[in-house]
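Visitor: Task: produce atomic coordinates for the following.
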Amino acid sequence: MVKKLENYKNKCKFVLDENVPKSSVEMLKSKGFEVEHISLTELQGEEDGKIAEYAKNKKAILITKDKNFGNPLRYSKSSHYGLIIIRLPYSFTGIQITNTLKSLIDEIEPDNLINSITILELGKYRRIKPS
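Guide: Predicted structure coming up:
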């Protein structure tokens, strides 16, 4: 079931880490979201903490393939606005990653991504609401 996204267009923003394919930017923009790719900002090559802080200050959900962001000892609940960690096979192409991300975005209410960690895996996802 595809969710109506009109109500979320101005509410949900995304920042994509450098390790997320740029094809994901266009897919998210086509759904009406505001999107930035870190490789196209002054933060290209910066450490993870600065990227997390940047996304949080923008009130944007950070999308990354970096599993370190899921470590609550390094990145507490207060260190991000929302987080999607992509855990797909290394052999996946950019288009396959983008299509899998599109499936998640089509299935989940976008505001359920705020203040939670979503792990995107092959054929499934799980959300963790940090306490």
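Visitor: drop to CA atoms for contacts and neighbour counts, all remaining ones
Guide: Noted.
Visitor: And the residue positioned nearest the centre of the chain, which helix or strand is it part of?
Guide: Most central residue of the chain, judged by C-alpha distance to the mean C-alpha position with Cα atoms, centre = their mean, is residue 63 at 2.3 Å. Take DSSP states H and E as the rule and residue 63 turns out to sit in strand 61-64.
Visitor: mind checking how far that strand is from the chain centre?
Guide: 3 Å (Cα atoms, centre = their mean, to the nearest Å).
Visitor: what's it packed up against?
Guide: In terms of contacts (3 or more Cα pairs under 8 Å, 6 or more residues apart in numbering; DSSP states H and E), strand 61-64 is packed against strand 13-16, helix 48-57, strand 83-87.
Visitor: what about this protein, any weak spots by pLDDT?
Guide: For the chain, residues meeting the criterion pLDDT under 70 lie at 1-11, 69-78, 130-131.
Visitor: Does anything pack onto the longest helix seen in it? Which helices or strands?
Guide: When the chain is parsed with DSSP state H, its longest helix is helix 94-107. Where contact means 3+ Cα pairs under 8 Å, 6+ apart, helix 94-107 is packed against helix 23-30.
Visitor: which secondary structure elements does the helix it packs on contact?
Guide: Packing partners of helix 23-30 (3+ Cα pairs under 8 Å, 6+ apart): strand 34-37, helix 94-107.
Visitor: Give me the residues contacting that helix.
Guide: Around helix 23-30, the neighbours that count as contacts under Cα atoms under 8 Å, 6 or more residues apart in numbering are 16, 34-37, 94-95, 97-98, 101-102.
Visitor: how about a cut-off of 7 Å?
Guide: Here helix 23-30 makes contact (Cα atoms under 7 Å, 6 or more residues apart in numbering) with 35, 37, 94-95, 98.
Visitor: tell me which of those residues is nearest to residue 121?
Guide: When these are compared for distance to residue 121 (Cα to Cα), residue 98 wins out at 12.5 Å.
Visitor: quick one, what contacts the residue nearest to the centre of the chain?
Guide: Contact analysis of residue 63 by Cα under 7 Å, 6+ apart lists 15-17, 83-85.
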